[in-house]
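K.L.:
coords below, sequence missing:
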RNA sequence: GCGAGGGUAGCCAAGCCUGGAAACGGCGGCGGACUCAAGAUCCGCUCCUGUAGAGGUCCAAGGGUUCAAAUCCCUUCCCUCGCACCA
């Protein structure tokens, strides 16, 4: 008989409408500390892809689960809708970015609805609307007032394809390519706006330790990115040029500093290049900062080593980077591999000044550094008065003793460059006046709205002359607007706050409500944002907190980085042409199938392969589920069914008792897994329960209706977060009109704990396997009767005494117990067994629970071997069998 | 080079934090029930040996801790990701 399946299109549409009608996902403003579940909002590129579907299925399933647990839930969605693709698309189509973006948003919102994602659309946030981006401008001005905004001339990353600058975080890989388009970036010198994220470097770093709900990988990447290093600044006096500052983490090695090196673009190098052809030639022709070889040129100058007073040669070298430290360094070839290589090439002295620490009183001996540097900490030698000090102590003392030296902590993190030479972004609210310089647009004049799009080769804002020319707010003179817009990561650095009060007209967010609702409890998204978005959001949250606008200093309590959806082990991508269209899957199999397949395929944070076979199998499962519910709901059995758990209805029905215990087990296990986002295991459990119910239905003439009904209702509820449409439909068919919507229904509770449930399953499974093994190994063709004999009570007692006992002689202790002792040699034998395995003993089910579990499962054995099964207490069985039975391992006797 | 995360049966993938049963589930393969047949569904098997539930070998490789290790510790190899002439 074939499964007829179900009409997924009709079912899904029906319930999407019903949910909308009921406003099922609305989070009222007076909700108290709702569970805040958030997926990273998408860039509206036009169509949902599988990555989106996975991301948003995870948040939706979790949000639905929490809601069924009785929690208020905040689960909003919005659009990260500024950005270059819209501008490019507009140019290609001779349209404008706004219309194109809005079309994309409409399409994607429709697709999200058809996936059944339950968002509170009243809280939708769209960053390209002035109602949103005015607050980017407002925040920019607050940051300005807090001295967190700077305009500075700097060497910046320029993407020639995007025709704009990029922040350091947006340049990726060894080849330094643009994060968005992959083009190799160039350097340009420009006046640009930056936000002072470095002010927060220390806190951004140290607070990572407390982000226990974040993946280690992300925490580590952020630590690396911030790149805190403790060391000392020290000045070397360069002949004719005065003191030059260098940074070092190894001031203890300063007595071995035998040269001094400057970056090719260090101011002194540039001065020297102007008058020295060799230096100029090196800087312009030879220097190769990306090469493996440390190249350099002798300047002929010397510098004074402040520790030794000696004159050491000064080089311009390409391995010295102007944006690391001070762009100048002291070279210690004895204790740094790269300095060593350079010194060998240039013929500079190599002097060991740190020796390995030795045991006992032996005098430390300078290491041989002729072939390679000794880079470990140790004990100082060749360092005059500092000889014998440990490296750590020497760093302290030298920093104190050398006049120009001071402790300094250095970061790799740079300020966040937010200027972009693009149209489709938030205008930076600044006016440039020849007399007054850059002036903020007065708060009452915000927002600075984007002018009409002009299709031009440069920045359209430059071409918008009418918009651009304005009078200075301070002196009234003719002035021009800033034509750079903000990095779109500014938009996403605080959008999670806007959802709290999306329509608020006089502030970016409602402070009191944000204090109650934030932080986001569960954030889900791709880890390509591990540094960029997630670091900016943390920074902005902290800065806002310091403006007394928020009591929270971290935005996201728990972070899940969802894994990729792959095809044949490869990432799906348009360029590879190996994408699977979510739309097609929804058309062919329905949203529930797509969602359930994805959630059961793997844990949400691991990559998995898309499999059409798997999708089909999931679809067939949903068909079986529908058939099972419908044939029951449409039968006479359901009439007059008490919706209680039915446990008391017919205690003698062992098969029904088995089903009930499996229902409890499924609830206990699925609930625990939902709690920690283990959707694969949770849905598996629910699917297994459906299988159990179907086996039960097939085996008995008539199911015990209350039990069966509870089983179905449980399966429906356990699957509801992942496959909401079909379960809603079946819930209505099973419970009738009055029960209300499944989205609002209560999560089921289990009568057993996981430990108990697993012990039962283990016992049943082991016993069934033992029967199979015996039948197989003994070559029994058609068993006549199968007896399962439960261990006598006294053995259970002996076992539990043995587990608790720490007596040296266990046999002796057990035999002192009269209840055990009176079983004579059988007791002695068992006691010896227990003694032998003493350390490995583990608690089993109680004798009653064990017998009950076996009786309940007897039908499985009867069905499989087509022979009657008796579960007997030891007293009723023959002595031979009874003597073999042990707690957790019943004796089995099969008659042929 | 530094750092993080991994390597589990033919394949995918749980378990590892909190040590205790050849190790969940799916796919593929094999056998059986149902069927004229196919599909679907259902019941088993799928490391080796074994005529009563046993024995052996096993979770990248090697070593260690422990009564007991896929699980804890160390070393090595391989994979993935991030950072990197970082002073």
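P.N.:
Sure, I can see it. Worth saying up front: this structure is predicted, and the values here are computed from it rather than measured. Residues are numbered from 1 along each chain as shown, chains lettered A, B, ... in the order given.

K.L.:
what pairs with the lowest-mean-pLDDT helix or strand in chain A, and is each one parallel or antiparallel?
P.N.:
Lowest by mean pLDDT, DSSP states H and E among the helices and strands of chain A is strand A:570-571, with a mean of 74. Partners of strand A:570-571 in the sheet, by DSSP bridges, are strand A:565-567 (antiparallel).

K.L.:
what's the neighbour count on whichever residue of the stretch 701-850 of chain A sits closest to RNA strand B?
P.N.:
Closest approach between the stretch 701-850 of chain A and RNA strand B, counting by C-beta to the nearest atom of the strand: residue A:839, at 2.9 Å. C-beta coordinates here come from the backbone N, C-alpha and C atoms, glycine included. For residue A:839, the neighbour count with other C-beta atoms under 10 Å is 5.

K.L.:
Secondary structure of it: a strand, I assume?
P.N.:
No. Read with DSSP: H, G, I helix; E, B strand; the rest coil, residue A:839 is helix and lies in no strand.

K.L.:
about what we covered before: is the least confident helix or strand of chain A anywhere near RNA strand B?
P.N.:
No. Using C-beta under 7 Å from any atom of the strand, strand A:570-571 stays clear of RNA strand B, coming no nearer than 9.1 Å.

K.L.:
before we move on, what SS does residue A:314 have?
P.N.:
Three-state call for residue A:314 (three-state DSSP): strand.

K.L.:
State the pLDDT value of it.
P.N.:
Residue A:314 is assigned 96 on the pLDDT scale.

K.L.:
Leaving out chain neighbours, which residue sits closest to it?
P.N.:
The shortest distance from residue A:314 to any non-neighbouring residue, by C-beta to C-beta, 6 or more residues apart in numbering, is to residue A:301 (4.4 Å).

K.L.:
Quick check: buried residues in the helix or strand containing the one you found?
P.N.:
Counting by DSSP states H and E, the element that carries residue A:301 is strand A:296-304. Of all the residues in strand A:296-304, those buried under the rule 16 or more other C-beta atoms under 10 Å are A:296-299, A:301-304.

K.L.:
Provide the strand pairings for it, with the direction of each partner.
P.N.:
Here, using DSSP bridges, strand A:296-304 pairs with strand A:229-238 (antiparallel), strand A:311-317 (antiparallel).

K.L.:
Determine which stretch of those is the most buried.
P.N.:
Of all the strands paired with strand A:296-304, strand A:311-317 has the most neighbours on average by mean count of other C-beta atoms under 10 Å, namely a mean of 23.

K.L.:
Is there any residue in that strand that contacts RNA strand B?
P.N.:
No. Contact of strand A:311-317 with RNA strand B (C-beta under 7 Å from any atom of the strand) is absent, the minimum separation being 8.1 Å.

K.L.:
and the next helix or strand after that strand, which strands flank it?
P.N.:
Using DSSP H and E, the next helix or strand after strand A:311-317 towards the C-terminus is strand A:328-331. Strand pairing for strand A:328-331, determined by DSSP bridges: strand A:259-262 (antiparallel).

K.L.:
Can you point out the buried residues in the helix or strand just after the partner strand?
P.N.:
Remark: after strand A:259-262, the chain's next helix or strand is helix A:267-275, criterion DSSP H and E. Residues of helix A:267-275 classed as buried: A:268-270, A:272-273 (neighbour count, 16+ other C-beta under 10 Å).

K.L.:
Please name every helix or strand in contact with the longest helix belonging to chain A.
P.N.:
Secondary structure assigned by DSSP state H gives helix A:754-777 as the longest helix of chain A. Applying 3 or more C-beta pairs under 8 Å, 6 or more residues apart in numbering; DSSP states H and E, we find helix A:754-777 packed against helix A:654-675, helix A:847-865, strand A:891-895.

K.L.:
Make a markdown table from those and add mean pLDDT and distance to residue A:154 to it.
P.N.:
Formatted as a markdown table, the helices and strands packed on helix A:754-777 follow (pLDDT from 0 to 100; distance: least, C-beta to C-beta, whole Å):
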| stretch | mean pLDDT | distance to residue A:154 |
| --- | --- | --- |
| helix A:654-675 | 92 | 48 |
| helix A:847-865 | 91 | 72 |
| strand A:891-895 | 91 | 81 |
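
K.L.:
so what's the residue of the stretch 201-350 of chain A found nearest RNA strand B up against?
P.N.:
Nearest to RNA strand B, among the residues of the stretch 201-350 of chain A, is residue A:325, at 2.6 Å (C-beta to the nearest atom of the strand). Taking C-beta atoms under 8 Å, 6 or more residues apart in numbering, we find residue A:325 in contact with A:246-248, A:410.

K.L.:
wait, isn't residue A:656 in contact with residue A:704?
P.N.:
Yes. With contact defined as C-beta atoms under 8 Å, residue A:656 counts as touching residue A:704 (3.8 Å).

K.L.:
Who has more neighbours out of the two?
P.N.:
residue A:656 (25 against 21).

K.L.:
and the gap between the more buried one and residue A:707?
P.N.:
Here residue A:656 is placed at a distance of 4 Å from residue A:707 (C-beta to C-beta, to the nearest Å).

K.L.:
returning to what we had before: what's the residue nearest to residue A:314 in contact with, if anything?
P.N.:
A:238-241, A:272, A:313-314.

K.L.:
show me where the stretch 451-600 of chain A has helices.
P.N.:
Ranges of helices in the stretch 451-600 of chain A, per DSSP state H, counting those that start in this stretch, are A:460-463, A:465-468, A:488-491, A:495-498, A:511-517, A:532-546, A:582-589, A:591-601.

K.L.:
Show me which residues of the stretch 451-600 of chain A are close to RNA strand B?
P.N.:
Within reach of RNA strand B by C-beta under 7 Å from any atom of the strand, the stretch 451-600 of chain A has these residues: A:530-531.

K.L.:
Under the pLDDT cut-off, which ranges of the stretch 451-600 of chain A? List them.
P.N.:
Residue ranges of the stretch 451-600 of chain A with pLDDT under 70: A:569.

K.L.:
Using a markdown table, please lay out the strands paired with strand A:296-304 together with distance to residue A:717.
P.N.:
Formatted as a markdown table, those follow (distance: least, C-beta to C-beta, whole Å):
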| stretch | distance to residue A:717 |
| --- | --- |
| strand A:229-238 | 54 |
| strand A:311-317 | 69 |
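
K.L.:
Nearest to residue A:570, out of these?
P.N.:
Proximity to residue A:570, assessed across these by C-beta to C-beta, is greatest for strand A:229-238 (38.5 Å).

K.L.:
Before I go, just wanted to say thanks for your time.
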